[in-house]
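Asker: can you look at this prediction? I've put the sequence above it.
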Amino acid sequence: MTRLIQLFPLWAVLLSTIAYLFPELFVGFKEAIIPLLMIIMLAMGLTLTTQDFANVMHSKLAISLGVMLQFTVMPLLAFAISHLFSFNTELLIGMVLVGAVAGGTASNVMCYLAKGNVALSISMTAISTLLGVILTPLITSVLIGEVVDIPVQAMLFSLLKIVLLPVTIGVLVNTFCSKALSKATPFLPLVSMAAIIFIIAIIVALNQGKLQSIGFFIFIAVVLHNSAGLLLGYWLPKMFGQNEQVCRTIAFEVGMQNSGLAVALAMKFFTPASALAGTLFSIWHNVSGSMLAGIFSKTATKTKANR
């Protein structure tokens with residue numbers, strides 16, 4: 001199961017290539033993006049319990065640092081990088097949306113592979129996801145509200161429907177029907193992975209023409225955004241005296257975004273071009289996350305062996 005998840009980038013690139021060469025196979029599924037994202041959020045909720053939220057009380061500083069960095073470092077980096085590349089309004093919107101959303105569920109998987117604190121990772125993802133319902137539209141409005149009209153209220157209601165509702169249902173089902181759910185739980189990451197890959201393919205198909213002219217520059221911007229998020233997510237907690245395991249956990253949580261949600265918001269409220277950043281981020285952060293998890297895992301093994 002873990003091996004299949006590690007191959008996420010390969011499957012994403014493969015299906016994206018097919019979508020790029022044969023866009024007609026995927027453009028008709030444009031309306032499926034939001035339902036697919038709701039499935040991802042439901043799958044996330046099904047892996048959480050009320051105890052995961054209670055764990056916050058045991059790691060207050062780490063949780064606070066992770067969430068604060070999530071909603072400051074990433075949106076500000078996105079804004080700065082967009083201006084560095086002189087992106088047009090559509091691409092600026094896409095970058096800021098990626099920066100303003102919560103951490104993605106992929107961070108939990110990478111944290112596990114890197115021998116980080118998985119319980120802390122899950123707690124941070126859950127808390128940032130819930131806070132993001134309010135913070136994502138507000139941050140987006142603050143950063144680019146003067147450039148483009150941001151439908152804050154409409155985004156808020158959409159996030160309630162897309163994120164809060166399915167996550168809440170998932171948590172309740174897992175809390176009261178955990179035994180019945182136990183056999184399906186190992187497959188939930190695969191369900192999320194398949195849904196994300198299909199969303200990526202749809203966006204690639206819808207933007208096939210624009211990818212030819214601006215794909216390289218937006219890809220470089222995404223790599224910079226993700227890399228800086230991972231780096232700052234690791235070193236800033238280190239400056240606050242957090243231990244190595246916590247620093248690794250926060251690095252993944254800050255650097256790996258819920259880019260599928262950014263894509264869905266871009267498609268619903270703006271244009272397909274504004275979803276490009278989220279699409280490329282979805283692919284790249286799994287590549288970079290896998291590589292970093294491998295490095296962390298090896299260093300953790302060596303450290304343990306030397307003791």
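Answerer: Perfect, I can see it now. Residues are numbered from 1 along each chain as shown.
Asker: which residue packs closest to W11, ignoring adjacent ones?
Answerer: The shortest distance from W11 to any non-neighbouring residue, by CB to CB, 6 or more residues apart in numbering, is to I197 (5.5 Å). For the C-beta atoms, the positions are set from N, CA and C on the backbone; glycine is no exception.
Asker: next, K183: secondary structure please.
Answerer: Using DSSP: H, G, I helix; E, B strand; the rest coil, the structure places K183 in coil.
Asker: just the one 3 residues further on next, same as before
Answerer: The assignment at P186 comes out as helix when based on three-state DSSP.
Asker: distance-wise, check it relative to M110.
Answerer: P186 sits at a distance of 17 Å from M110 (criterion: CB to CB, to the nearest Å).
Asker: go on, V204?
Answerer: 23 Å.
Asker: the more surrounded of the two?
Answerer: M110 (32 against 26; other CB atoms under 10 Å).
Asker: which elements pack onto the strand or helix carrying the residue nearest to W11?
Answerer: Using DSSP states H and E, I197 maps to helix 188-206. Packed against helix 188-206 by the contact rule (3 or more CB pairs under 8 Å, 6 or more residues apart in numbering; DSSP states H and E) you find helix 2-6, helix 8-21, helix 33-45, helix 259-269, helix 276-306.
Asker: lowest-scoring secondary structure element of the protein by mean pLDDT?
Answerer: Lowest by mean pLDDT, DSSP states H and E among the helices and strands of the chain is helix 2-6, with a mean of 58.
Asker: with just CA atoms, put stretch 39-49 into CSV.
Answerer: What follows is stretch 39-49, C-alpha atoms only, in CSV (Å, rounded to 0.1, in the frame of the first residue of the first chain):
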residue,chain,number,x,y,z
ILE,A,39,-14.5,12.6,-1.6
ILE,A,40,-10.9,13.4,-0.6
MET,A,41,-12.1,15.4,2.4
LEU,A,42,-14.5,12.6,3.4
ALA,A,43,-11.6,10.1,3.2
MET,A,44,-9.5,12.4,5.4
GLY,A,45,-12.3,12.7,7.9
LEU,A,46,-12.7,8.9,8.0
THR,A,47,-9.0,8.7,9.2
LEU,A,48,-9.6,11.1,12.1
THR,A,49,-11.2,10.8,15.5
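Asker: now it: how far from the chain's centre is it?
Answerer: Its chain's C-alpha centre and that of stretch 39-49 lie 14 Å apart, by CA atoms, centre = their mean, to the nearest Å.
Asker: do you know how far the nearest residue to P75 once chain neighbours are set aside is from V222?
Answerer: Spatial nearest neighbour of P75, chain neighbours left out: G99 (3.8 Å); criterion: CB to CB, 6+ apart. Look at G99 and V222: by CB to CB, they are 11 Å apart.
Asker: the more surrounded of these two?
Answerer: More crowded of G99 and V222, by other CB under 10 Å: G99, with 30 against 27.
Asker: show the contacting residues for the more buried one.
Answerer: Each residue near G99 by CB atoms under 8 Å, 6 or more residues apart in numbering is listed here: 74-79, 139, 225, 257.
Asker: still on that earlier bit, ok, the residue nearest to W11 - how many residues close by?
Answerer: Using other CB under 10 Å, the number of residues around I197 comes to 22.
Asker: again with N88
Answerer: Neighbours around N88, by other CB under 10 Å: 12.
Asker: please apply the same query to L130.
Answerer: Count around L130 with other CB under 10 Å applied: 17.
Asker: buried residues in the stretch of helix or strand it belongs to, which are they?
Answerer: According to DSSP H and E, L130 maps onto helix 118-144. Neighbour-count burial for helix 118-144, counted by 16 or more other CB atoms under 10 Å, picks out 119-130, 132-133, 135-141, 143-144.
Asker: ok now that helix, how far from the chain's centre?
Answerer: 10 Å.
Asker: relative orientation of the next helix or strand after that helix and helix 259-269 in degrees?
Answerer: Beyond helix 118-144 on the C-terminal side, the first helix or strand identified by DSSP H and E is helix 152-159. Put simply, helix 152-159 runs at 130 degrees to helix 259-269, going by axes from the mean of the first three to the mean of the last three CA atoms, to 10 degrees.
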